[in-house]
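In: need a structure here:
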Amino acid sequence: MRTEKDSMGSMVVPDDAYYGAQTQRAVENFPISGIYMPSAVIRALGIIKRSAAVVNADLKQLDEKRKTAIIKVAEEVIDGKFDNQFLIDIFQTGSGTSSNMNTNEIIANRASEIMGGTIGSREPVHPNDHVNMGQSSNDVIPTAIHIAAKIEIENELIPALEMLHRGLDEKAKAWDHIVKIGRTHLQDATPIRLGQEFSGYAAMIRNGIKRLHSAKAQLEGLAQGGTAVGTGINTHVEFGARIAKEVSSYSGVVFSEADNHYEAQATQDAAVMVSGVLKTVAVSFFKIANDIRWLGSGPRAGLGELILPPVQPGSSIMPGKVNPVICESLIQISAQVVGNDAAITLGGLGGVFELNLMLPLIAHNLLQSIEIMSNGAKMFNEKLLTGLEVDKQKCADYIEGSLAMCTSLAPVIGYDNAAAIAHDAYESGKTVRQVALEKKVLDEAQLNELLDPLSMTNPNK
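Out: Numbering: from 1, shown residues only. Okay, the predicted model is just below:
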């Protein structure tokens, strides 16, 4: 163990720790959940510190040697080399100051080591004076949330959703000739093509992608440059614009300085909006997964129109049972995202005067939603859609036995007469076609034309 000092006095820190006294205090103060800052946010903090070193050197605020060392270590942070050094619980100071100082201390100690100094000495690289130069936790953490979320949405979630959309769209086209029974209120409805049903699923994901493209634009503006309360005290007037440009250049994702630093630091409205869109996509996930789960129920006592690929044994007691586990996984992901959105919404209410005080909570929930939705979309496409099949005979049998077939008779013989045929078919156990033939309501050729299920799925042609 070694002893380090900060503004509150001495603190004992593990010898193998690159973090310092402030981090250790936070570790001891917040033994809450064991949930740490998301790795995407840690990478974003590394990007901020790297960009700040570049900008401060360009502005003649930081010398070249310190700049070079800070950049090297910041890139190690980005690469995940120090992930095991970020040990502060999510439920910490609401501004995320502890996590910002965790980053500053790691980079300062490692950079000092590179430059020949001693870890813990704060020389030649100081965590506040050099690594945190021109910054405040109050603008760093909101900036990190925007950077992390926008990068993950662009690089992970949208590509995963595009893959899922392609998978659904391919099924919609491949199965457009297969006619099945429609269902409303869990009751038989008029026929629909399986391709039409899946085209609706594909459209839900396509619309979700469009909504995400619109929402992620709200994350473009960065709070960096506002420092403590948005006034920009203790930072160069050009710092905000320059750091946004440097972050964009390094990450390949477009960012700009916030239009209004007071809004950018006092609220988390952009994160709340993005979370709302994530929730909407999660609701789409739930509907798609749940429909497919029901359509694949059985195999002998359920609907059984779809044949879900078996991926693992389904029961510890019933041999041969296979469960819709991929659907169930995506449904649980959807529920978690909805719960995360509720937490983020409450977090958005944490804006008090010039600062939001629920930033770590928002960071965790927002990035978790993005991560599990990205992974869930990939899983669903690869583990379920790719091997999903249709029981064509069962689809045909359900249609022929459905009482809803009488719907197409109503315009010709009247609603009441068609309803009477449906009632008789139900009572007798016969099909609508059989009862209509027995009653001779129409000649057989006309009846067969009206009761053609394929024509019912496209009645205007």
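
In: quick check: end-to-end length of stretch 75-95?
Out: Using CA to CA, to the nearest Å, one end of stretch 75-95 lies 24 Å from the other.

In: give the buried residues for that stretch.
Out: Judged by neighbour count (16 or more other CB atoms under 10 Å), stretch 75-95 contains these buried residues: 76-78, 82, 85-90, 92-95. The way it works is simple: take the backbone N, C-alpha and C, and place the C-beta from them, glycine included.

In: which residues in the stretch 251-400 of the chain form strands?
Out: 256-257, 306-307, 351-352, 355-356, 389-390 (DSSP state E, counting those that start in this stretch).

In: so which elements touch the second one?
Out: Contact analysis of strand 306-307 by 3 or more CB pairs under 8 Å, 6 or more residues apart in numbering; DSSP states H and E lists strand 389-390 as its packing neighbours.

In: try 10 Å this time
Out: helix 269-295, strand 389-390, helix 392-401 (3 or more CB pairs under 10 Å, 6 or more residues apart in numbering; DSSP states H and E).

In: so which residue is dead centre in this protein?
Out: Ile370 (2.6 Å; CA atoms, centre = their mean).

In: can you tell me the element the residue lying closest to that residue once chain neighbours are set aside falls in?
Out: Leaving aside its sequence neighbours, Ile370 sits nearest to Glu152 (CB to CB, 6 or more residues apart in numbering; 4.7 Å). Assigned by DSSP states H and E, Glu152 belongs to helix 137-152.

In: helices or strands up against the next helix or strand after that helix?
Out: Next helix or strand after helix 137-152 toward the C-terminus (DSSP H and E): helix 158-174. Using 3+ CB pairs under 10 Å, 6+ apart as the contact test, the elements touching helix 158-174 are helix 194-216, helix 269-295, helix 359-383.

In: tell me the most buried of the ones you listed?
Out: Of all those, helix 359-383 has the most neighbours on average by mean count of other CB atoms under 10 Å, namely a mean of 23.

In: who are the packing partners of it?
Out: If contacts are counted by 3+ CB pairs under 10 Å, 6+ apart, helix 359-383 sits against helix 39-58, helix 97-114, helix 137-152, helix 158-174, helix 194-216, helix 269-295, helix 325-348.

In: quick one: which of those is nearest Thr407?
Out: Nearest to Thr407, of all the helices and strands packed on helix 359-383, is helix 194-216, at 16.4 Å by CB to CB.

In: mind checking the pLDDT average for that closest one?
Out: Averaged over helix 194-216, pLDDT sits at 98.

In: who's in contact with the following helix or strand past it?
Out: Per DSSP H and E, the first helix or strand lying C-terminal to helix 194-216 is strand 221-222. Applying CB atoms under 10 Å, 6 or more residues apart in numbering, the contact partners of strand 221-222 are 48, 51, 139, 142-147, 150, 240-241, 243-244, 247-248, 255-261, 263-264, 270.

In: partner strands of strand 221-222, with direction?
Out: Sheet pairing here is set by DSSP bridges, and for strand 221-222 it gives strand 256-257 (parallel).

In: how distant is the partner strand from the center of its chain?
Out: 24 Å (CA atoms, centre = their mean, to the nearest Å).

In: what's that strand in contact with?
Out: Under CB under 10 Å, 6+ apart, the answer for strand 256-257 is 220-226, 238-245, 247-248, 264.

In: PyMOL command for the buried members of those?
Out: Only the buried members of these enter the following PyMOL selection, criterion being 16+ other CB under 10 Å:
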select buried, resi 220+221+222+223+224+225+226+239+240+241+242+243+244+245+247+248+264
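
In: out of the contacts of strand 256-257, list just those in helices.
Out: Of those, the ones assigned to helices by DSSP state H are Phe239, Gly240, Ala241, Arg242, Ile243, Ala244, Lys245, Val247, Ser248, Ala264.

In: quick check, nearest of these to Glu105?
Out: Of the ones in helices among the contacts of strand 256-257, the one sitting nearest to Glu105 (CB to CB) turns out to be Ile243, at 20.6 Å.

In: any idea how far the closest one lies from Asp139?
Out: Going from Ile243 to Asp139 by CB to CB, to the nearest Å gives 10 Å.

In: can you list residues touching both of these two?
Out: Counting by CB under 10 Å, 6+ apart, the residues touching both Ile243 and Asp139 are Ile48, Leu222, Gln224, Gly225, Thr235.

In: could you list the low-pLDDT ranges of the stretch 1-150 of the chain?
Out: Applying pLDDT under 70 to the stretch 1-150 of the chain picks out no residues at all.

In: switch to 90 and redo it
Out: 1, 4-7 (pLDDT under 90).

In: likewise the stretch 351-461 of the chain?
Out: Looking at the stretch 351-461 of the chain by pLDDT under 90, you get 403-406, 436, 440-442, 448, 458-461.

In: go with 70
Out: 461.

In: pretty sure Arg211 is touching Thr280, no?
Out: Yes: Arg211 lies in contact with Thr280 (CB atoms under 10 Å); the separation is 6.3 Å.

In: hmm, back to that, with distance to Gly200 and pLDDT added, can I get the ones in helices among the contacts of strand 256-257 in a markdown table?
Out: Compiled in a markdown table, the ones in helices among the contacts of strand 256-257 are given as follows (distance: CB to CB, whole Å; pLDDT from 0 to 100):
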| residue | distance to Gly200 | pLDDT |
| --- | --- | --- |
| Phe239 | 49 | 98 |
| Gly240 | 45 | 98 |
| Ala241 | 45 | 98 |
| Arg242 | 47 | 98 |
| Ile243 | 44 | 98 |
| Ala244 | 40 | 98 |
| Lys245 | 43 | 98 |
| Val247 | 39 | 98 |
| Ser248 | 38 | 98 |
| Ala264 | 39 | 98 |
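
In: from those residues, which is closest to Leu349?
Out: Ala264 (17.1 Å).
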